[in-house]
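In: please find the sequence and the predicted model below.
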Amino acid sequence: MLVVDELKFSYPHQTPPYQFSFEAMPGEITAISGPSGAGKSTLLDLLAGFSSPSSGTIELDGTSIADLSPEDRPLSLLLQTESLFEHLSAARNVTLGLPARTSRPRQQALVNAALHEVGLSGFGDRLAANLSGGQKQRIALARTLLRARPVLLLDEPFSALDDETRTGARSLVQFLTRHHQWHTVLVSHHLDDIKALANRHYRLNDHELSLV
Ligand SMILES: Nc1ncnc2c1ncn2[C@@H]1O[C@H](COP(=O)(O)OP(=O)(O)OP(=O)(O)O)[C@@H](O)[C@H]1O
């Protein structure tokens, strides 16, 4: 279980400080909603280690992760408009999720499995530049998949997608979260995404989270 307890942070001259507390279970999607400017990205930055709280704890299965550098944290972050390397193939982009020491044949097997899991078998040789927005998002998800980190942070991941692609991407996130027992934290102000996906929903208002 991911437990965030009284994580305090404020930008210079800002009062009162943010104070974040929430729990996310493995195999579940925990949604965080809130109006623009409420502090959702601020919370993700703290979880990812891009900024540091003045006090409070972040624990995964009882172990503190708050002192780890961003690259050592057991989490992956997927943003709204995921940046792929456009001049590289889809497969090469997915490979970037793997540790450099992975052997070539093992890389190929893992990438093929990840492409299959996101429904893009056969797209490996396609240049990223020639993929649709929804396909790019799936490639980014495949790359995340190979990182095999137990916490997945999603920041408005479906906003750029059309309705049909969005439905597919939602199901995929739901399936992968259950299958890999990820602790998925979904930041969104789209209530339809939250209704479709969230096992638990917190609202961020007045610098604090409350369970909806
Ligand atoms: N580096 C910074 N220095 C000072 N204030 C900041 C900084 N970054 C963000 N803020 C302020 O902190 C507040 C929260 O910003 P944040 O980006 O976390 O909100 P958000 O909920 O993610 O908004 P949105 O939904 O519009 O992306 C906003 O009032 C913003 O102006």
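Out: Good, I have the coordinates. Residues are numbered from 1 along each chain as shown.

In: do you know the pLDDT at the residue nearest in space to the middle of the chain?
Out: With distances taken as CA atoms, centre = their mean, residue 153 lies nearest the centre of the chain, 2.5 Å away. Residue 153 carries a pLDDT value of 94.

In: that one should be in a strand, yeah?
Out: Yes - looking at residue 153 with DSSP: H, G, I helix; E, B strand; the rest coil, it is inside a strand.

In: check the offset of stretch 169-180 from the chain's centre.
Out: 12 Å (CA atoms, centre = their mean, to the nearest Å).

In: mean confidence score for it?
Out: Mean per-residue pLDDT for stretch 169-180: 88.

In: could you dump it to CSV, C-alpha only?
Out: Below are the C-alpha coordinates for stretch 169-180, written out as CSV (Å, rounded to 0.1, in the frame of the first residue of the first chain):
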residue,chain,number,x,y,z
ALA,A,169,-6.8,3.6,-23.1
ARG,A,170,-9.0,3.6,-20.0
SER,A,171,-9.6,-0.1,-20.2
LEU,A,172,-5.9,-0.7,-20.8
VAL,A,173,-4.9,1.3,-17.7
GLN,A,174,-7.5,-0.6,-15.7
PHE,A,175,-6.3,-4.0,-16.9
LEU,A,176,-2.6,-3.3,-16.4
THR,A,177,-3.2,-1.9,-12.9
ARG,A,178,-5.0,-5.1,-11.9
HIS,A,179,-2.7,-7.4,-13.7
HIS,A,180,0.5,-5.9,-12.4
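
In: would you mind listing what in the chain touches the ligand?
Out: 11, 34, 36-42 (CB under 6 Å from any ligand atom). The way it works is simple: take the backbone N, C-alpha and C, and place the C-beta from them, glycine included.

In: contacts for the top helix by length along the chain?
Out: If you go by DSSP state H, the chain has its longest helix at helix 163-180. The list of residues contacting helix 163-180 from outside it, by CB atoms under 8 Å, 6 or more residues apart in numbering, reads 27-29, 117-119, 132-134, 137-138, 141, 145, 148, 152, 154, 157-158, 161, 182, 184, 186, 193, 196-197.
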